[in-house]
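> Provided below for reference: sequence and predicted model.
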Amino acid sequence: MTLARPLATKLFPIATALAAALVLAGCTPSGTTSDASSDPGSPVTGGNLVYASGDAEPSCLDPHVGGNYPQALVASQYLETLYTKDAEGKLIPWLAADSTVSDDGLTRTVSIRDGITFTDGTALDAAAVKANFEHLLDPKTASSTGYLALGKIASMKAVDASTLELKLKTPDNSLLESFSMPWVAIESPTALKRTQEENCAAPVGTGPFKVQSWKKQYSVQMVRNADYVLPVAGAAHAGPAYLDSITWRFIPEAATRYAALQAGEVDIIDNAQPDAIATAVKTSTIKHLDAPRPGASNRIELNSSKAPFNDEKVREAFIHAVNINASVDSLFFGSAKRSYSPLSSVEPLAYSEESLFNYDPTKAGTLLDAAGWSERDAQGYRVKNGVRLSLTFPVSTSQSIPAEQSLFEQIQATAKESGIEVQINLLDISSWYGELFTNSYNLVSAPYTKVGPGVLSILFHSDSTIPAPSGYFANLSQVKDPALDALLNTAGSTKDEAQRKDLYTQAQKKVLEGYYLLPLYDQQNHFLYSEKLKNVGATTAVASPIFFDTWLAN
C-alpha cells in the first residue's frame, strides 16, 4: 500500500501474539506507536534502518508494473495513495481530499489535495492522478493488481487542477478501497514519461523517503525526503521522517535473515518463520509485529475446470481427506490461526463455515466411492477406469515459507491415506506461472492481497479467468457460475451497506459450499525487529510497514 499514514497493527507482547493471529487494528493518522508494551521514549533523528526481506526481489520497483507484495513492501516507503485507513479500519482521504459519487453510481469525482509535490518537483494535481490511472490501464505497463482494481473505469477527465472526474462502466463500491492500495499509488507524471526501465529502477513519489540507488540482488538504498509534507495535518509528527535513510536488503534464506537480526547486522526482517518467532518469545532484544494481510485468506484453490475436480464430490472428498488443523498446530507454533473463510479475518465482511472443513476420512471415502473411485492400485491409490486419482500441485518456493511447504507435505501424506495422490512440484516463480497459464494444475496456493470484500470478484467471478495485461489471472479455481457472478456484480455496485454485506455473505457461502477452495489461515505477515528500533507498527492498508515515525535509539 502506499506509505500514507495507514493502518497500523497493534503490537502485543510476543507471547500473546503467538496465542492467536492479531487483527489488524488501524493506527489513527494522529498516532502510530506500536510499542504497546513500553514507552518508546523521545524520538531520535538520524541513522540508517536496515531492513532484510525474504520475499523475492522485485523485478521492478514500480508497483504499477505487475503488482505483487514484495513491491508493496518497498514502495510503501516512497509512494503514497489517494486513500488510506484509520484506527478503526475506516477509509480516509490521504492524497485525495474528498470523493463523491453520482446517484446512478457511474460518475466518481475525486478532489486532490493542494500543496503536495513529488520528489522531482512536479506538483500533485488531478492531471497527475489521471496520468497514473492511464499508466495502470495501459496494457504496455503490464499491470495485474492495479489494472484489475481500476477495471471499471471507462474514461477520466481532469476538470481542473484539483478535480478528477471518472466515468465508470458499472458502479463500483470498492473503488476507494482500491485507491488505498500501493499498486494504485500515485507517482510523478514527469517520471512516468521515462522508459519503463528507468522508472522501474527509481519510481518518484510524494512519500517520506525516495529511492537513491538499487544494487540488484543486494539492496535498495532510500534516503529521507527532506521536503516531505504530511497530507493530513496532525496525523503524525510534522516535518520529514526521523530516519536519515533505509537500506532494503534481500536475504532469501530464513535462517540467515534471522541470524543477521540477532547479530545486529539488520534492524528488522519480514517473513519471520514460526520457529524464529517462538525463539524470539524468550528474548528481550527482539520484538514481533503480526500484521495479517487484508483481502483473501491464504488458501488452496481446487481447479474445477478439469478432472478430477470438475466433480464436486471429489472436491469435497479431498477437503475431508486432509488434516489441516493438526498441521497448522504442529508447524506454526500458534503464529497462525486456522481459517474457514475465503476472506482474511481482518475483513469485516468475512464469512466462515467451519463445519464444511472437518477432517473426516470416512466421509471422504464414501464420497470417492460414489464418484466412481472405488478401486485401488498396488500403491493404495484410488483408480477409475484404469486412471489413478492423482493431483498436480505446483508450489512457488518464493511465495511459500518452509513451514507452509511442510504443511503441503502433510496434506500429501494424509491425502494418501484416503487414496489420493498429491504430486508437489517446487518451482521458481516463472515456472510456477507457466504451470498456471497452461492449466497444468489441480491444486494451487496463490496469495492475493486486495483491500475489501471486492477481492471475491477478482478471485471467483467468471470474468477473472481472462488474463490481465501482465498475463495474470485470478480465478484459479476457475469457477464459472452465473448465479455467483450475479451476486458479486450486485454486491460490488449496491449503495446499501446491509445489502452489500448480505450479498457478499451469500457469495462466500456459494464458494465454500461448492468446495472450490480449502482455506488455511490469514496471509501471514510476521516481522521481527530489534528492540533498538522504536515506534514500529504503523502499516498501510495492505499491512505493509512504513517507517515515517520510526527511529533508532542511541
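Received it, and whenever you're ready, just let me know what you need. Residues are numbered from 1 along each chain as shown.
> where along the stretch 401-550 of the chain do the helices fall?
402-417, 429-437, 455-460, 482-491, 497-513 (DSSP state H, counting those that start in this stretch).
> and the first one, what does it pack onto?
It stands for helix 402-417. Applying 3 or more Cβ pairs under 8 Å, 6 or more residues apart in numbering; DSSP states H and E, one finds that helix 402-417 makes contact with helix 312-321, helix 324-331, strand 390-396, strand 421-427. C-beta: built from backbone N, CA, C; applies to glycine.
> export those to JSON lines and append columns for mean pLDDT.
Below are those laid out as JSON lines (pLDDT from 0 to 100):
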{"stretch": "helix 312-321", "mean pLDDT": "98"}
{"stretch": "helix 324-331", "mean pLDDT": "95"}
{"stretch": "strand 390-396", "mean pLDDT": "96"}
{"stretch": "strand 421-427", "mean pLDDT": "96"}
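> first-to-last residue distance for stretch 189-200?
One end of stretch 189-200 to the other measures 14 Å (Cα to Cα, to the nearest Å).
> who touches it?
By Cβ atoms under 8 Å, 6 or more residues apart in numbering, the surrounding residues in contact with stretch 189-200 are 59-62, 65, 118, 120, 122, 127-128, 131-132, 135, 140-141, 187, 203-204.
> per-domain residue ranges of the protein.
14-291+525-552, 298-521 (automatic domain parsing).
> what is the distance between the first one and the centre of its chain?
On the basis of Cα atoms, centre = their mean, to the nearest Å, domain 14-291+525-552 sits 12 Å off its chain's mean C-alpha point.
> quick one: average pLDDT of that domain?
The average pLDDT within domain 14-291+525-552 is 90.
> which of the three states applies to Thr190?
With DSSP: H, G, I helix; E, B strand; the rest coil as the basis, Thr190 sits in helix.
> just the helices and strands packed on helix 402-417: most buried one?
helix 312-321 (a mean of 23; mean count of other Cβ atoms under 10 Å).
> using CSV, write out every CA atom in that helix.
Taking Å, rounded to 0.1, in the frame of the first residue of the first chain, the C-alpha atoms of helix 312-321 are listed here in CSV:
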residue,chain,number,x,y,z
GLU,A,312,-17.9,-31.7,-6.8
LYS,A,313,-17.9,-35.0,-4.9
VAL,A,314,-14.2,-35.3,-5.5
ARG,A,315,-13.5,-31.7,-4.4
GLU,A,316,-15.4,-32.3,-1.1
ALA,A,317,-13.7,-35.7,-0.6
PHE,A,318,-10.3,-34.1,-0.9
ILE,A,319,-11.1,-31.4,1.6
HIS,A,320,-12.3,-34.1,4.2
ALA,A,321,-9.2,-36.2,3.5
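> what packs against it?
By 3+ Cβ pairs under 8 Å, 6+ apart, helix 312-321 packs against helix 361-370, helix 402-417.
> ranges for the helices of the stretch 151-300 of the chain?
175-179, 189-192, 196-201, 254-262, 274-280.
> show me the one of those that comes nearest Gln478.
helix 175-179 (23.9 Å; Cβ to Cβ).
> which residues touch the closest one?
81-83, 91, 96, 99, 108, 110, 149-150, 152, 166, 168, 184, 450-452, 454, 541.
> picking that back up, next, format the helices of the stretch 151-300 of the chain as a markdown table and append mean neighbour count.
Output for those, formatted as a markdown table (neighbours: other Cβ atoms under 10 Å):
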| stretch | mean neighbour count |
| --- | --- |
| helix 175-179 | 24 |
| helix 189-192 | 19 |
| helix 196-201 | 16 |
| helix 254-262 | 19 |
| helix 274-280 | 20 |
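> contacts for the helix or strand where Ile92 lies?
Secondary structure from DSSP states H and E places Ile92 in strand 91-93. Applying Cβ under 8 Å, 6+ apart, the contact partners of strand 91-93 are 29, 82-86, 99, 113, 176-177, 180, 232.
> considering the residues you listed, which possesses the most neighbours?
Thr84 (32 neighbours; other Cβ atoms under 10 Å).
> in its sheet, what does the helix or strand harbouring that one sit against?
Element membership for Thr84 (DSSP H and E) is strand 83-85. Take DSSP bridges as the rule and strand 83-85 pairs in its sheet with strand 91-93 (antiparallel).
> which of the residues in the strand it pairs with are buried?
By 16 or more other Cβ atoms under 10 Å, the buried positions in strand 91-93 come out as 91-93.
> adding distance to Leu552, write the residues you listed out as JSON lines.
Output for the buried residues of strand 91-93, formatted as JSON lines (distance: Cβ to Cβ, whole Å):
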{"residue": "Leu91", "distance to Leu552": "32"}
{"residue": "Ile92", "distance to Leu552": "29"}
{"residue": "Pro93", "distance to Leu552": "31"}
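> quick check, nearest of these to Gly47?
Ile92 (30.0 Å).
> beta-bridge partners for that closest one, please?
According to DSSP bridges, beta-bridge pairing links Ile92 with Thr84.
> and what of His288?
Applying DSSP bridges, one finds that His288 bridges with Leu528.
> circling back: most tightly packed of the helices of the stretch 401-550 of the chain?
For these, the highest mean count by mean count of other Cβ under 10 Å goes to helix 455-460, at a mean of 26.
> report the contact partners of Glu207.
Not Glu; residue 207 is Gly. 2-3, 76-80, 225, 228, 548.
> swap in Tyr78?
Neighbours of Tyr78 in contact, by Cβ under 8 Å, 6+ apart: 3, 119, 203, 205, 207-211, 222, 225.
> before we move on, back to that, show the buried residues in the contacts of helix 175-179.
81-83, 91, 96, 99, 108, 110, 149-150, 152, 166, 168, 184, 450-452, 454, 541.
> closest to Ile277 out of the helices and strands packed on helix 402-417?
The nearest among the helices and strands packed on helix 402-417, by Cβ to Cβ, is helix 324-331 at 12.1 Å.
> other SSEs contacting the closest one?
helix 402-417, strand 517-521.
> show residues contacting the last one.
Contacts made with strand 517-521 from outside it, assessed by Cβ under 8 Å, 6+ apart, are listed as 21, 297-302, 318-319, 322, 324, 328, 332, 336-342, 357, 407, 445, 477, 511.
> how close does the residue of the chain positioned farthest from its centre sit to Ser53?
Going by Cα atoms, centre = their mean, the residue of the chain most distant from its centre is Ala378, 43.1 Å out. With distances taken as Cβ to Cβ, to the nearest Å, Ala378 is found 47 Å from Ser53.
> nothing else from me, thank you.
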